[in-house]
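Colleague: 3D, please:
(chains A and B)
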2 protein chains.
Amino acid sequence: MTAEIICVGTELLLGDIVNTNAQFLSRELAELGISVLHQHVVGDNVARLKELVSTARARSDLLVFSGGLGPTADDLTKETVAEAFGDTLVFDPEEWQKIVDFFARTGRTPTGNNRKQAMVPVHGRKLPNAHGTAPGAWFEDADGHCAALMPGVPREMKAMWAEQVRPILERRQNCTIHSKTLHVLGGESRIAEKVGGLFDSANPTVAIYCKTGESEIRVTARAATADKAEAQCDAMLDKLRARLGDSAYDVDVPSLEYTVVRALKARGLHAATAESCTGGLVAERITNVPGSSEVFSYGFVTYSEAAKAKLLGVDPALIERYNVVSGPVAVAMALGAQRISGAELTVALTGIAGPGGALPGKPVGTVYLGGYDARHDRAYLMRLTLGGYRERGIIRTRAALYALDLLRRMALDLPQPEALTLDAAGPQSPAAVPACLADPGRLDL
Amino acid sequence: MTAEIICVGTELLLGDIVNTNAQFLSRELAELGISVLHQHVVGDNVARLKELVSTARARSDLLVFSGGLGPTADDLTKETVAEAFGDTLVFDPEEWQKIVDFFARTGRTPTGNNRKQAMVPVHGRKLPNAHGTAPGAWFEDADGHCAALMPGVPREMKAMWAEQVRPILERRQNCTIHSKTLHVLGGESRIAEKVGGLFDSANPTVAIYCKTGESEIRVTARAATADKAEAQCDAMLDKLRARLGDSAYDVDVPSLEYTVVRALKARGLHAATAESCTGGLVAERITNVPGSSEVFSYGFVTYSEAAKAKLLGVDPALIERYNVVSGPVAVAMALGAQRISGAELTVALTGIAGPGGALPGKPVGTVYLGGYDARHDRAYLMRLTLGGYRERGIIRTRAALYALDLLRRMALDLPQPEALTLDAAGPQSPAAVPACLADPGRLDL
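Modeller: So this is what the prediction gives:
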């Protein structure tokens, strides 16, 4: 089956908003095994819309629309497509009542214009809208070409897609789709080295999406039943995890901090942070997780030497001897945070986020990450060299990611070194530094 | 002049990436007074590309391409467009040398495939690529239709657009374009009430773009010379500022924290933060500004009652009496942060970011923001009710924005109340609370 995506909206043609609907629909259609050959954006112009619908219908099996279902006079997508597909529209009292009720809830009265939103196909079918006023529509012509019309608001469109349109297409494709996303630390090339062959799998498909310092591997299975599709996904996830080891940190989570908070809760542990170059980013990410107050109470942002001494008790002599951007200072910060907070696990960062501030032998992007596990009285230290990324924001984001991963590994008693050498442009050889617990002065890093 | 945007790339059709190029180009073309009638995405398929180019050329004056200039055999955009525009391509030794040099710098050798990237139009012109290997191309047919071919990598495309393509189009449009962006706190509807009429201006144009808790107003002037265009922009900015007051916080800055850091530097002031519900977000934003260490040293994330007492010296009896989410606690946090940090200006936040944690009379989204200005021994307090936004992330983002604005207003000695009642769904009447400096117990908020 071939498809074209048609997004209707003057705001897209003016560049007021970015077209995320096209990406969402393209990915979903690809997962259904439907080839998307074109994406289009047109304005609320009937002549141009008519021309496009006619061309697209002639060459593709399925047209997927978003937008153009509004109440104003120039929103004529539904009317135009109905005509092209040989269908007509009829007033639907049930949909009209929903519109009236919706307006009543928000203290307003619908206008005559809103009545056109309650018009639905005679031969096709309406697609109820659980999250807004305008129903969508499904058209089908005598030759079997189909068209799905959905709202332009992403939240409404995605709900209608999942609840109404995708099930129709799954039946047509005679299958059910199930997707799971594996979250993995490290860049695409390093991951591809380990799991490369699996990307060629036809069913389930395996696709990789890169984010800063980590990647998502999306596994999508097609099968006759939902259970079978999920089982195929799980089997592929097992294969991926076997090759990726514990750099694969979770499945279907919003982000690493969710995994960290869950791990801390599961083990009854608490974390605290001491941050210089990341300026509160690690704390901010942990506390972004609902319920994180169970496992996190203390975050220190110590952005000057005086603050490190005053809040964390870092010995100014240590800073004087090793420089504030150094391994001993990072570990001393982690220890100080532990002493004050009482948390079992702490992480600390001191580094040069740039663009200025480079030191001899310590270019922009040099970050020392210290960790302390009070249960085992064990400290961890790694030197990250993130300067290749240039941008301050990326250096900070990657440093925070390593800090969160250090917390995860401490909480789950996973080995540290393997994790911390995973990223292609990542840390140099990490070293456990128990010596500095007794005398940080002995540590020359 | 009418235009169509054509983005070439299988990764777009598969939904691997979102098409930000189309938005960028649409906005730029709109500013040049060129009407964009269609946006398209096609894959690396010659037949479909040829059909599309033929249709688009017949109905539009200008075709703007991004992508399809790569070295692989299926990248045939340049060849296809050259043919449609009656041009031919010729090998350009200068461009080839650039490619060879680029590869040498990255320790690689170009392949034969890369030679096609050095092919340039005979009748049209090449568009040098300052940030990558592949030059772009400009074609023009006998009827005056034009085509601009640029790379798909956004950084390369944007540079080529600004340096090569836009100047050509400015000459065609017989004008120069200048844009400035005014940053304003508050939502679109409240801003539109004040400056509504100005949105209808034809030259300069005035467009509003909404962000969380704030808006950007982009002013774009077209004039015969750059100086005149800039002067027109400035005149419009003056009008906007006269109506918007000091909720218009800056022009052409990345974000509010840049304005805050600059204001602090200009006045020789320092800031410190004490955060509960925002969990470090305010500190993270301030320290995201290069050079912020001059004005910021201390950030406290106190995510439990014990942490507020231990780090900031908040009296547990105060928490007991008023609850930890309360005005007195917010002010006590700000005072504590001042005492320890010595910073002239401090802000503190305590609130309920949700989804759980609602209290009687304090629904999710209730945030108390305290501020202290040690120069004048003056405290500020406001109660924000952000629950209408539901999402934890949005509540935190908006609360942090108010905190940054409080810092800005304290630093610049601007009045607080007007600012803090600006946002449509924002704070209720803020109250200065000098009484609590002597005895926080007296304050019942």
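
Colleague: A:Pro415 - nearest residue in space that isn't next to it in sequence?
Modeller: Nearest residue to A:Pro415 in three dimensions, chain neighbours excluded: A:Arg409, at 7.3 Å (Cβ to Cβ, 6 or more residues apart in numbering or on different chains). From N, CA and C alone the C-beta is placed, and that goes for glycine too.

Colleague: Was I right to think that neighbour contacts A:Gln416?
Modeller: Yes - here A:Arg409 lies in contact with A:Gln416, judged by Cβ atoms under 8 Å, at a distance of 5.5 Å.

Colleague: Who has more neighbours out of those two?
Modeller: Shown here are A:Arg409 and A:Gln416; by other Cβ atoms under 10 Å in any protein chain shown, A:Arg409 has more neighbours (24 against 20).

Colleague: a strand runs through the residue nearest to A:Pro415, doesn't it?
Modeller: No - assessed with DSSP: H, G, I helix; E, B strand; the rest coil, A:Arg409 is helix; it does not lie in a strand.

Colleague: Please tell me how far it sits from A:Leu256.
Modeller: 11 Å (Cβ to Cβ, to the nearest Å).

Colleague: cool, A:Asp143 as well?
Modeller: 50 Å.

Colleague: More neighbours: these two, which one.
Modeller: The neighbour comparison of A:Asp143 against A:Leu256 (other Cβ under 10 Å) goes to A:Leu256, with 23 against 10.

Colleague: List the contacts of the more buried one.
Modeller: A:His183, A:Leu185, A:Glu214, A:Tyr249, A:Asp250, A:Arg285, A:Leu401, A:Leu404, A:Asp405, A:Arg408 (Cβ atoms under 8 Å, 6 or more residues apart in numbering or on different chains).

Colleague: Give me the pLDDT for A:Phe103.
Modeller: As predicted, A:Phe103 sits at a pLDDT of 82.

Colleague: That one should be in a helix, yeah?
Modeller: Yes - using three-state DSSP, the secondary structure at A:Phe103 is a helix.

Colleague: Tell me how far it lies from A:Thr109.
Modeller: Distance from A:Phe103 to A:Thr109, by Cβ to Cβ: 6 Å.

Colleague: Look at those two and report which has more neighbours.
Modeller: The neighbour comparison of A:Phe103 against A:Thr109 (other Cβ under 10 Å) goes to A:Phe103, with 15 against 8.

Colleague: What strand or helix carries the nearest residue to that one once chain neighbours are set aside?
Modeller: Using Cβ to Cβ, 6+ apart and skipping residues adjacent in sequence, the residue nearest A:Phe103 is A:Pro110, 4.7 Å away. Under the criterion DSSP states H and E, no helix or strand holds A:Pro110.

Colleague: Could you do A:Lys78 as well?
Modeller: Following DSSP H and E, one finds A:Lys78 within helix A:77-84.

Colleague: other SSEs contacting the next helix or strand after that helix?
Modeller: Moving toward the C-terminus from helix A:77-84, the next helix or strand (DSSP H and E) is strand A:89-91. Applying 3 or more Cβ pairs under 8 Å, 6 or more residues apart in numbering or on different chains; DSSP states H and E, one finds that strand A:89-91 contacts helix A:77-84, strand A:119-121.

Colleague: tell me the SS of the nearest residue to A:Glu83 once chain neighbours are set aside?
Modeller: Of all residues not flanking A:Glu83 in the chain, A:Lys50 sits nearest, at 7.9 Å (Cβ to Cβ, 6+ apart). Following three-state DSSP, we place A:Lys50 in the helix state.

Colleague: Does A:Thr2 touch A:Ile34 like I think?
Modeller: Yes - counting by Cβ under 8 Å, A:Ile34 is a contact partner of A:Thr2 at 7.1 Å.

Colleague: Need the overlap of contacts for the two.
Modeller: With Cβ under 8 Å, 6+ apart as the test, A:Thr2 and A:Ile34 both reach A:Leu62.

Colleague: In terms of neighbours, single out the busier of the two.
Modeller: Neighbour comparison, A:Thr2 and A:Ile34: the larger count goes to A:Ile34, with 19 against 13 (by other Cβ under 10 Å).

Colleague: For that one, give me the pLDDT.
Modeller: 94.

Colleague: Just read off the phi/psi values of the most far-flung residue of chain A relative to its centre.
Modeller: Most distant from the centre of chain A: A:Ala317, at 43.3 Å, with distances by Cα atoms, centre = their mean. According to degrees, to the nearest 10, the main-chain angles of A:Ala317 amount to phi -70, psi -30.

Colleague: now the one 4 residues further on
Modeller: Backbone geometry at A:Arg321, expressed as degrees, to the nearest 10, gives phi -80, psi -40.

Colleague: Give me the pLDDT for it.
Modeller: Looking at A:Arg321, the pLDDT reads 88.

Colleague: got it, and A:Asn114?
Modeller: pLDDT at A:Asn114 comes out at 86.

Colleague: so it touches A:Pro135, yeah?
Modeller: No - assessed by Cβ under 8 Å, A:Asn114 is found out of contact with A:Pro135, at 12.0 Å.

Colleague: Point out the residues in the stretch 51-200 of chain A that sit beside chain B.
Modeller: A:Leu52, A:Thr55 (Cβ under 8 Å from any Cβ of the partner chain).

Colleague: make that the stretch 301-445 of chain A, sorry
Modeller: A:301-304, A:306-307, A:310-311, A:340-341, A:354-356, A:392-393, A:396.

Colleague: Bridged to A:Thr346, which residues?
Modeller: A:Ala272, A:Tyr372 (DSSP bridges).

Colleague: Neighbours of it, how many?
Modeller: A:Thr346: 32 neighbours (other Cβ under 10 Å).

Colleague: Hmm, it is touching A:Gly371, no?
Modeller: Yes - if you go by Cβ under 8 Å, A:Thr346 and A:Gly371 touch, sitting 6.9 Å apart.

Colleague: Common neighbours of the two, please.
Modeller: With Cβ under 8 Å, 6+ apart as the test, A:Thr346 and A:Gly371 both reach A:Ala334.

Colleague: about what we covered before: tally up the residues packed near the residue nearest to A:Phe103, please.
Modeller: There are 18 residues near A:Pro110, going by other Cβ under 10 Å.

Colleague: Then the one 4 residues further on?
Modeller: Neighbourhood size, A:Asn114 [other Cβ under 10 Å]: 19.

Colleague: for A:Gly336, same thing?
Modeller: 24.

Colleague: Mind checking what secondary structure it has?
Modeller: helix.

Colleague: Was I right to think it contacts A:Val314?
Modeller: Yes - using Cβ under 8 Å, A:Gly336 makes contact with A:Val314 at a distance of 5.9 Å.

Colleague: if I look at the two, which residues touch both of them?
Modeller: Contacts common to A:Gly336 and A:Val314, judged by Cβ under 8 Å, 6+ apart, are A:Lys308.

Colleague: Quickly note the distance from the residue nearest the centre of chain A to A:Gln97.
Modeller: Nearest to the mean C-alpha position of chain A, by Cα atoms, centre = their mean, lies A:Pro254 at 6.1 Å. Separation of A:Pro254 from A:Gln97 (Cβ to Cβ) stands at 37 Å.

Colleague: how many neighbours does the nearest residue to A:His123 once chain neighbours are set aside have?
Modeller: Spatial nearest neighbour of A:His123, chain neighbours left out: A:Asp87 (4.8 Å); criterion: Cβ to Cβ, 6+ apart. Burial of A:Asp87 is recorded as 20 neighbouring residues (other Cβ under 10 Å).

Colleague: which secondary structure element contains A:Arg241?
Modeller: Judged by DSSP H and E, A:Arg241 forms part of helix A:226-244.

Colleague: Could you point out the helix or strand that follows that helix?
Modeller: Assigned by DSSP H and E, the successor of helix A:226-244 is strand A:248-251.

Colleague: Which neighbouring elements make contact with that following strand?
Modeller: Using 3+ Cβ pairs under 8 Å, 6+ apart: strand A:248-251 touches strand A:176-185, helix A:226-244, helix A:256-267.
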